[in-house]
Structures are given as structure tokens and as C-alpha cells.
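S.K.: give me coordinates for this.
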Amino acid sequence: MCREAVCKTSHETLTECNCIIPSPQFCNICNMFMFTQISHLFDNEGTVAFAMFMAIWATLFLELWKRHRARHVSQWKVYDWCEEEEELIMEIVNDPYCMPKQFRHSYLRSTLVLILVTLMLLIIIGLAHSLVVFRVVAAALLAEANSEFIKDHSSAVAMMLGAVLHYLTIQIMTRVNRWVALKLCHIEKTNSFASTERSFTIKMFTFQFFTLFSSLFYVAFFLGRINGHPGKYVRIARWRLEECHPSGCLTDLFIQMAVIMVLKQTLNNIFEFTVPWLKTCLKRKTVKKLQRKCGHCYRKGCRNAQGNVDACDICKLQDWIRNYHLADSNAFSLFNEFLEMVVQFSFTTIFVAAFPLAPLLALINNIFEIRLDAIKMVRLERRLVPRKTNDIGVWTQVLEAIGVLAVIANGLVIGVSSDFVPRLVYRYRYGPCASGISQTNCMQGYIRDTLSTAFLSNPAVRKDFTKEQMWTENGFNATQCSYRDYRSNEDYTLTSQFWVVLAVRFAFVILFEHVVVVCKFIAAWFVPNNPMQVKNERLHDKLARLKEELRDLKSSRSTDV
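M.R.: Purely as a prediction, here's the structure:
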């Protein structure tokens with residue numbers, strides 16, 4: 001797999017076919033080895049163990065959170081509290097003769113909401129496809145730039161620009177998604193506030209999830225796999241679909257996730273803190289103007305014989321006025337924090353096999369954000385109105401669903417998108433070690449084995465390239481080029497090695513998912529939701545309540561006699 005073993009050959013054999021999408025010439029595969037070595041940092045044998053660890057960690061995290069929640073619920077005596085009963089009690093207090101709202105289900109409204117949700121998801125997926133078109137056009141335009149650096153790295157620059165545009169799309173669609181989710185909840189007309197909140201949470205998270213991950217799913221599972229091969233490229237309006245980076249598709253996914261996560265965390269923290277701070281500074285001037293009006297209270301002429309001053313109403317209420325002019329807090333204030341944390345949990349679990357730095361970035365972000373949020377909530381915003389509850393609502397089910405999806409996504413990333421399985425097959429089936437030669441590196445010749453050759457003498461292949469593109473970077477007139485695929489060099493049909501690799505890929509995905517799911521179930525069983533102390537306290541509370549009910553029953557019977 002070393003560079004020397006591959007590059008000691010003619011330049012014609014090592015020209016890359018697919019890199020000419022952003023480039024006016026064929027490029028040398030040997031120039032891509034730096035990126036291959038970088039991608040090997042997160043596309044190696046340890047990725048499987050790390051993905052399994054993160055899946056089990058997600059389960060343990062949720063179980064430990066449930067234990068933490070159980071302790072607080074037991075401490076505040078709200079274990080058997082029901083939100084619907086609380087709403088009924090408030091209605092009875094306001095109107096002793098009130099009647100409860102009847103549960104009703106309208107199939108017409110449900111069908112309408114389902115159609116609108118589907119339409120919204122299709123629009124979001126369409127935006128992801130527009131990002132794909134943007135990257136293709138940007139790569140082609142950057143390849144014609146005057147800067148040699150931009151020319152040589154036009155694909156990577158286009159991917160980064162696409163990630164920045166994706167972040168801007170996320171910021172815009174967040175506001176659109178909230179407005180649409182509220183309108184859909186209004187159409188539904190749920191029975192209670194709890195039901196409305198649950199429905200809004202599910203819709204909002206679904207819209208945000210598709211906004212964030214539609215483009216990432218495309219890069220992870222479709223990029224470079226549906227674009228055809230030399231002589232039979234798939235085109236949209238005469239544009240060839242974008243190719244994976246020569247070092248592998250995981251490099252594109254790594255860049256995409258890194259840019260989005262860094263921008264999202266950094267800029268969100270800046271805006272979340274600076275916007276309330278600026279609002280508070282502007283409103284503070286209004287408070288100072290009011291305080292200047294009551295300056296006469298402190299003049300000597302206003303003092304009585306004892307030298308005391310009767311403060312006016314403005315002076316008496318200045319603390320209340322100052323708090324009133326803080327940034328407003330509404331029903332979305334805490335919801336936004338929950339949504340941000342759940343999205344961050346998604347980034348640290350889904351596709352963590354392709355971006356192992358996600359947990360580290362999340363940890364660094366939370367170290368700063370926990371202090372910034374504390375300052376924002378205590379000093380820059382009005383106090384939130386406390387509400388009684390005994391859990392975080394539907395967010396628990398959302399987190400559990402993310403944990404299951406993370407197992408599936410990481411299994412597919414390792415089994416389908418990475419080179420882990422092809423390397424494994426080559427090592428034990430096609431490499432030097434498969435022939436019994438143990439003195440050499442088992443991966444020697446792997447890159448050459450993954451390359452197929454397209455001959456430019458074939459008219460079907462030659463029509464895909466112009467005469468200028470057939471010249472290599474070193475000035476050679478190429479007669480053939482290589483591309484990553486398992487195809488025959490004569491008729492471009494899939495070879496038997498392709499089907500062997502495909503079978504092993506699917507076998508690995510099934511095995512990985514089943515093993516990780518079993519480990520998740522064992523971890524969930526090993527760490528119970530409720531600590532033994534909480535269970536014992538509940539048991540003692542039930543026993544005390546039953547004894548009290550029996551005493552009341554006995555006293556009522558003795559009174560009747």
C-alpha cells in the first residue's frame with residue numbers, strides 16, 4: 001500500500017479519470033497519497049471498535065440520565081404526577097362546573113397534516129439536492145481559477161463552500177420549520193397543551209433532522225456511487241455528477257461534518273449570548289432615563305426635618321423595572337436549548353465513524369456553553385416561569401430513536417462507505433498473504449487492485465473527454481486512465497471481486513448491527529432505570545399510604561357503628 005510500490009510505473013497507468021470534473025487535465029494518482037494517509041486516520045480497523053463503543057455509550061448515557069431523573073423525581077415527590085390531571089385541576093379551580101374536553105380524532109385533519117409534512121420533507125430534500133448541484137458547479141468554476149492552489153484543491157474547496165452554504169440553509173430553515181410546525185399544530189387542534197407540545201416537538205425535530213442530515217446522508221451513501229463509469233457517465237443537463245475524493249468518500253463526509261459542526265457550535269454560542277446582551281444594553285438606557293426623572297427625590301429641598309427622603313414610585317420599583325427590561329423569555333426559550341442538545345447528540349452518535357472528532361468538539365462546546373447559558377438565563381433574560389414535570393417528555397423517545405439510528409448509520413458507513421471491508425477482502429482473499437506469502441506486507445498492491453482501467457481508444461470512453469483533458473499534468477498524452485471500481489478493462493462489466501466485496505459488505509452490516517444491538521440491550525439491562533434507593537423509597541411511601549388508608553377505613557367503620 002506504500003507510495004513507492006504503486007507509483008513506480010508509467011504515468012499513463014496512474015492517471016485518474018474522475019478527477020477531471022473539476023480539472024481541465026488528467027491528474028496523477030500518486031499526488032493523492034497525502035489525502036489517502038489523512039483519511040486512514042479515521043478509516044481504519046479501530047473505527048469499528050470506536051463505533052461500537054459510541055453506540056454502547058449512547059445507551060449508557062440515556063440509562064444514567066434516567067437514573068438521575070428518577071432521583072430528582074423521588075426527591076420532589078412527583079413520581080405519580082400526571083400533566084393531564086394538573087390541567088383538569090386548573091380548569092376546575094377556574095370553573096367548578098367545567099366539562100373536560102372530549103378526545104376527538106379527525107381523519108381529514110390527520111391526512112392533511114400528513115400530506116403537508118411529507119411536502120415539507122420533500123422541499124427540504126430538494127434543498128439538499130440543490131447543494132449537490134452547487135458543489136458540482138463550484139468545483140468546475142474553481143478549476144478555472146487563476147490560483148494554482150485553488151485549482152489543485154478545487155474539489156475540497158467546493159465541498160467546504162457547500163458545507164458553509166449548508167450551514168446558512170440550516171439557519172434559515174430553522175425559522176421556517178418552526179413556523180410550519182406551529183401552523184400544523186394549529187391545524188391538528190389537539191386536546192391539551194401537553195399533546196400540542198408533544199406534537200410540535202416531534203414535527204420540529206423531524207424537520208430539523210432532515211435539514212441537517214439530508215445532505216450528509218447523500219454524501220455518505222450516494223456520492224460517487226450513482227455517477228456511472230467512463231463511457232457511461234450519468235449526467236444531469238450535460239453535467240456529470242460529482243465524484244468522491246480520490247482518497248475516498250469518507251473524506252468528503254469528514255469535511256462536511258467538520259465545517260457544519262464547528263460553524264454551528266461557534267456561531268450559535270456567539271449569537272445566543274450577544275443578542276440578549278445587546279438587547280439588555282439598549283434597554284438599560286431606558287431605565288437610566290427614568291431614574292434621572294426622579295432625581296428631585298435626593299435634593300435637599302425635598303428632605304424632611306429628619307433628613308429622610310420619601311422615594312417616588314420609580315425609585316421604589318427600580319429593581320422590578322430593571323428586570324422587566326431584560327430580554328424576554330417565552331415558551332421557545334427552553335425548547336431551543338433542548339433542541340440544540342438533541343441535535344448535538346445526533347452529531348456525536350450518527351456518522352461518528354466518519355467524524356471521530358465530534359464527541360471532542362461537543363465536549364469543548366459544552367464546557368463553554370454551560371457557563372454562557374447560565375449567564376444568559378440569570379443575568380440577561382427574564383426568569384422562566386417554572387412548570388411542574390417529572391420527565392423531559394417526548395425528548396426521551398427521540399434520544400432513544402437517535403441511538404438506534406446511530407447503530408444503523410455507523411454500520412452502513414463502515415460496511416458500505418469506508419474501505420474497511422475491501423481491505424479485509426483483499427488481505428484474506430486477493431492479497432499476497434492469501435497466497436501464503438507471509439514475508440511481505442499483506443496490503444501491498446491494494447490500491448492497484450481497486451483501480452480499473454479505461455482505454456481512451458474506445459470511442460464510448462473518448463467522447464467523455466476533450467483533447468485538452470487527455471494531457472496529464474506532466475505533459476504526457478494519456479492513452480488510458482484509472483478509476484476506482486471493480487470492472488473489466490474490456491467490456492466494463494462488474495468483476496467477480498465486486499460481488500464478493502458486496503456480499504461481505506452486507507454480511508458485515510448485518511453482523512455489526514446485531515452485535516451492537518445485543519450489546520445495547522445488555523447495557524440497558526445492566527444499568528437499571530431506577531436506582532435501588534429510589535425503588536425502596538417508593539415502596540416505603542406506598543406502605544405508609546396504605547397504612548394511612550387502612551386507618552381511615554377502620555375509623556370510618558367504627559364511626560358508622
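S.K.: any idea which helix is longest in this structure?
M.R.: Longest helix in the chain by number of residues (criterion: DSSP state H): helix 249-293.
S.K.: quick check, central residue of the protein?
M.R.: Taking C-alpha atoms, centre = their mean as the criterion, Phe347 is the residue nearest the geometric centre of the chain, at 3.7 Å.
S.K.: what about that residue, which helix or strand?
M.R.: Applying DSSP states H and E as the criterion places Phe347 in helix 331-349.
S.K.: can you pull out the strands in this structure?
M.R.: 15-16, 27-28, 228-229, 232-233, 235-236, 239-240, 451-455, 480-484 (DSSP state E).
S.K.: for the stretch 151-300 of the chain, which spans come out with low pLDDT?
M.R.: Applying pLDDT under 70 to the stretch 151-300 of the chain picks out residues 152, 236-237, 245-247, 286-300.
S.K.: can we see that at 90?
M.R.: Applying pLDDT under 90 to the stretch 151-300 of the chain flags the ranges 151-168, 170-171, 186, 188-198, 214-216, 218-300.
S.K.: would you check that Asn365 makes contact with Met341?
M.R.: No. With contacts counted by C-beta atoms under 8 Å, Asn365 stays clear of Met341, the gap being 10.5 Å. Quick note: C-beta positions are derived from backbone N, CA and C, even for glycine.
S.K.: compare the two and say which is more crowded by neighbours.
M.R.: Asn365 (19 against 15; other C-beta atoms under 10 Å).
S.K.: excluding its backbone neighbours, what's nearest that one?
M.R.: Among residues not flanking Asn365 along the chain, Gln265 sits closest, at 4.3 Å (C-beta to C-beta, 6 or more residues apart in numbering).
S.K.: contacting residues for that neighbour?
M.R.: Residues counted as contacts of Gln265 (C-beta atoms under 8 Å, 6 or more residues apart in numbering) are 344, 361-362, 365, 369.
S.K.: among those residues, which two are most distant?
M.R.: Farthest pair in the contacts of Gln265 (C-beta to C-beta) is Leu361 and Glu369. Separation: 11.7 Å.
S.K.: make a markdown table from the contacts of Gln265 and add pLDDT and distance to Leu127 to it.
M.R.: Formatted as a markdown table, these follow (pLDDT from 0 to 100; distance: C-beta to C-beta, whole Å):
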| residue | pLDDT | distance to Leu127 |
| --- | --- | --- |
| Gln344 | 92 | 22 |
| Leu361 | 91 | 25 |
| Ala362 | 92 | 25 |
| Asn365 | 91 | 26 |
| Glu369 | 90 | 28 |
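S.K.: next step: those restricted to helices.
M.R.: When the contacts of Gln265 are checked against helices (DSSP H), the matches are 344, 361-362, 365, 369.
S.K.: which residues in the stretch 351-500 of the chain form helices?
M.R.: Secondary structure of the stretch 351-500 of the chain (DSSP state H, counting those that start in this stretch): helices at 358-375, 395-412, 420-425, 446-450, 459-462, 496-526.
S.K.: what residues of stretch 266-278 count as buried?
M.R.: Using 16 or more other C-beta atoms under 10 Å as the test for burial, stretch 266-278 gives 268-269, 272-273, 276.
S.K.: just stretch 451-465 next, same as before
M.R.: Quick answer for stretch 451-465 (16+ other C-beta under 10 Å): 451-454, 456, 461-462, 464-465.
S.K.: thought Val501 was touching Arg423?
M.R.: No. Contact criterion C-beta under 8 Å: Val501 and Arg423 do not qualify, at 10.1 Å.
S.K.: and which of the buried residues of stretch 266-278 is nearest to Arg240?
M.R.: Nearest to Arg240 among these, counting by C-beta to C-beta, is Asn268 at 36.0 Å.
S.K.: residue contacts, that closest one?
M.R.: Counted by C-beta under 8 Å, 6+ apart, Asn268 has contacts Glu340.
S.K.: 10 Å instead?
M.R.: Neighbouring residues of Asn268 by C-beta atoms under 10 Å, 6 or more residues apart in numbering: 171, 336, 340, 343-344, 365, 369.
S.K.: could you export the residues you listed as CSV, including distance to Ala524?
M.R.: Putting the contacts of Asn268 into CSV (distance: C-beta to C-beta, whole Å) gives the following:
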residue, distance to Ala524
Gln171, 36
Asn336, 29
Glu340, 26
Val343, 23
Gln344, 22
Asn365, 27
Glu369, 28
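S.K.: weed out the non-buried ones from these.
M.R.: By 16+ other C-beta under 10 Å, the contacts of Asn268 give 340, 343-344, 365, 369 as buried.
S.K.: dump these into a markdown table; add distance to Arg427 as well.
M.R.: Shown next, in a markdown table, are the buried ones among the contacts of Asn268 (distance: C-beta to C-beta, whole Å):
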| residue | distance to Arg427 |
| --- | --- |
| Glu340 | 43 |
| Val343 | 38 |
| Gln344 | 37 |
| Asn365 | 39 |
| Glu369 | 44 |
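S.K.: quick check: the two most widely separated of those?
M.R.: Using C-beta to C-beta, the two most remote members of these are Val343 and Glu369, lying 12.9 Å apart.
S.K.: what ranges in the stretch 451-561 of the chain fall below the confidence cut-off?
M.R.: Judged by pLDDT under 90, the stretches of the stretch 451-561 of the chain that qualify are 451-495, 497, 524, 527-530, 533-535, 537-542, 544-561.
S.K.: nearest spatial neighbour of Ser192, skipping sequence neighbours?
M.R.: Nearest to Ser192 is Glu87, by C-beta to C-beta, 6+ apart, at 5.6 Å.
S.K.: and for Ile150?
M.R.: Leu142 (5.4 Å).
S.K.: and the one you found, how many residues sit next to it?
M.R.: By other C-beta under 10 Å, 20 other residues sit near Leu142.
S.K.: please apply the same query to Leu108.
M.R.: Leu108 has 7 neighbours, counted by other C-beta under 10 Å.
S.K.: list the contacts for it?
M.R.: Here Leu108 is in contact with no residue (C-beta under 10 Å, 6+ apart).
S.K.: roughly how far does it sit from Thr440?
M.R.: Distance, Leu108 to Thr440, using C-beta to C-beta, to the nearest Å: 71 Å.
S.K.: same question, Arg484
M.R.: Applying C-beta to C-beta to Arg484 and Thr440 gives a distance of 23 Å.
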